[in-house]
Structure formats: C-alpha cells, structure tokens
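Colleague: Show me the folded form of this:
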Amino acid sequence: MTARAILLLGCQRGLLGALAALLCLVTTVSRAAEPRIERIEPLITDGQMTLDLDLTFELGRVVIEAAERGVPLYFTFDLKITSPRWWWFDRVLVEATLTRRLTYNALTQQWRVATGDLFLPGRSLNEALAVLKQVRGWPVAPSDRFDKNQRYDGRVRMRLDASQLARPLQLEAANRSAWSLASPWAPFDFSIQQAGPGK
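Modeller: Predicted structure coming up:
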C-alpha cells in the first residue's frame, strides 16, 4: 500500500470518527430537549387521591411566536391507573385529563396560565412556563376506589394539545414538528396502606 493510500485511509477513518461523534452529540441534545415528567407523587388528601407532577420541557420558537401573537396554547395531562389481573387484561380504574391554557395579552404584556376558570398571571414567559411545569393537588379519584394494601399501576404524560387550536392552526400544526410536543408516558405505582391497630 502506497503512502498516499495510507494517508487517504487515515483521513477517511478520521472523518468517520468525527461524523460518529457529531451524531452522538445530536442524539444527546435531542434527548435533553425531549419533554419528560421528572417526578410523580400520588397523595391521599381528605378522601381524595391527588397527584403532584414536575416536568421539564422547552417550547420551540414557532410555538412561542404564535403565543406572542395571542394564540392560546393548551397543555393536556393524560392519566391512566390500572389494577393488575393475572388472568385477564389489567382493569382500568381511572382515566383522567387535566388541561391548562397558556395565553399572552399583548395590551397588558402579561402571560396567564389557566385551569378552568382559575388563572395565575406571570410577568414573563419563563414565569408562566414555571407554573406549567408543576402540577399540585390534581384530584384524580376518590380514595375509596382503591383497595387497601393492593398495588396499582399508573402512567401519565403531558402533550401540547393542537386539537384545541383554531382550525387553520390545526392544519399548520399537523404539518410542523414544532407543534408535536409530548412527553413519553411516565409509569408509577402505589398502594394505600391499611392503618395498623391504634392508629
């Protein structure tokens, strides 16, 4: 093998190595940017099972610009709780959704995060997103729906709900990946412990 052939072979290997490193970097960045649910905590409060969630996600520039032009953004949380059965499919006990709306008022230059008729104002987009990234006390089911000392499986996700946008924007969202913001289903399990004697 000539010196030139050896040199070309070395350059090709170097280029392949650089491309592989770049691919790893792109994969790492895309994983870091993927929305995800960081913490799930089921709680029993006043005879009600509630859920606390912490999330991480970032909005793309296209979505932020639409919101700044007054387009309301809807973020929907989907929840499913099942009871395992060895002899058949798992029994579904709870299916629930929670929708929050993010809006911007250009006149007052104020952001709002609303759940139903209740809303929290934010002075900046970052403040409003901080509110969206935390769910506290989401009532999902009466606690008597669950038997004591039995394990239940749950899963929850968050998604940018393009189906609630105005019709022309729904068509645009269907063709743009910037609008397809959704976390993977995050699994969790829990059981409600029977109180011991004297408690």
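Colleague: Longest strand in the protein, please.
Modeller: strand 91-105 (DSSP state E).
Colleague: Could you list the residues in contact with the helix or strand following it?
Modeller: Next helix or strand after strand 91-105 toward the C-terminus (DSSP states H and E): strand 110-115. Outside strand 110-115, the residues within contact range by CB atoms under 8 Å, 6 or more residues apart in numbering are 98-105, 119-125, 127-128, 131-132. Glycine gets a C-beta too; all of them are placed from N, C-alpha and C.
Colleague: Can you mark which positions in strand 110-115 are buried?
Modeller: Of all the residues in strand 110-115, those buried under the rule 16 or more other CB atoms under 10 Å are 111-114.
Colleague: And the helices in this protein?
Modeller: Counting by DSSP state H, the chain has helices at residues 3-33, 61-68, 125-132, 167-174.
Colleague: got any ranges where this protein has weak pLDDT?
Modeller: Applying pLDDT under 70 to the chain flags residues 1-33, 166-178, 195-199.
Colleague: can you do 90?
Modeller: 1-34, 45, 62, 70, 84-91, 106-109, 115-123, 161-180, 192-199 (pLDDT under 90).
Colleague: my guess is residue 136 meets residue 43, correct?
Modeller: No - between residue 136 and residue 43 there is no contact under CB atoms under 8 Å: 9.7 Å.
Colleague: With neighbour numbers in mind, choose between the two.
Modeller: Legend: neighbour count by other CB atoms under 10 Å for residue 136 and residue 43, higher for residue 43 (14 against 11).
Colleague: need the contact list for the more buried one.
Modeller: Residue 43 touches 49-52, 137, counting by CB under 8 Å, 6+ apart.
Colleague: now it: how far from residue 156?
Modeller: 14 Å (CB to CB, to the nearest Å).
Colleague: what do residue 136 and residue 43 both touch?
Modeller: Going by CB under 8 Å, 6+ apart, residues that sit against residue 136 and also against residue 43 are residue 52.
Colleague: circling back: how about the buried residues of strand 110-115 in a markdown table, adding distance to residue 181?
Modeller: A markdown table is the format used below for these (distance: CB to CB, whole Å):
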| residue | distance to residue 181 |
| --- | --- |
| 111 | 17 |
| 112 | 19 |
| 113 | 16 |
| 114 | 18 |
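Colleague: The longest strand of the chain packs against which elements?
Modeller: helix 61-68, strand 73-83, strand 110-115, helix 125-132, strand 134-142 (3 or more CB pairs under 8 Å, 6 or more residues apart in numbering; DSSP states H and E).
Colleague: Tell me which residue is most central in this protein.
Modeller: What sits nearest the mean C-alpha location of the chain, by CA atoms, centre = their mean, is residue 158, with 3.2 Å.
Colleague: got the contact list for the residue lying closest to it once chain neighbours are set aside?
Modeller: Among residues not flanking residue 158 along the chain, residue 183 sits closest, at 4.8 Å (CB to CB, 6 or more residues apart in numbering). The contact partners of residue 183, by CB under 8 Å, 6+ apart, come to 34-37, 55, 57, 157-159.
Colleague: can we see that at 7 Å?
Modeller: Residue 183 makes contact with 35-37, 55, 57, 157-158, according to CB atoms under 7 Å, 6 or more residues apart in numbering.
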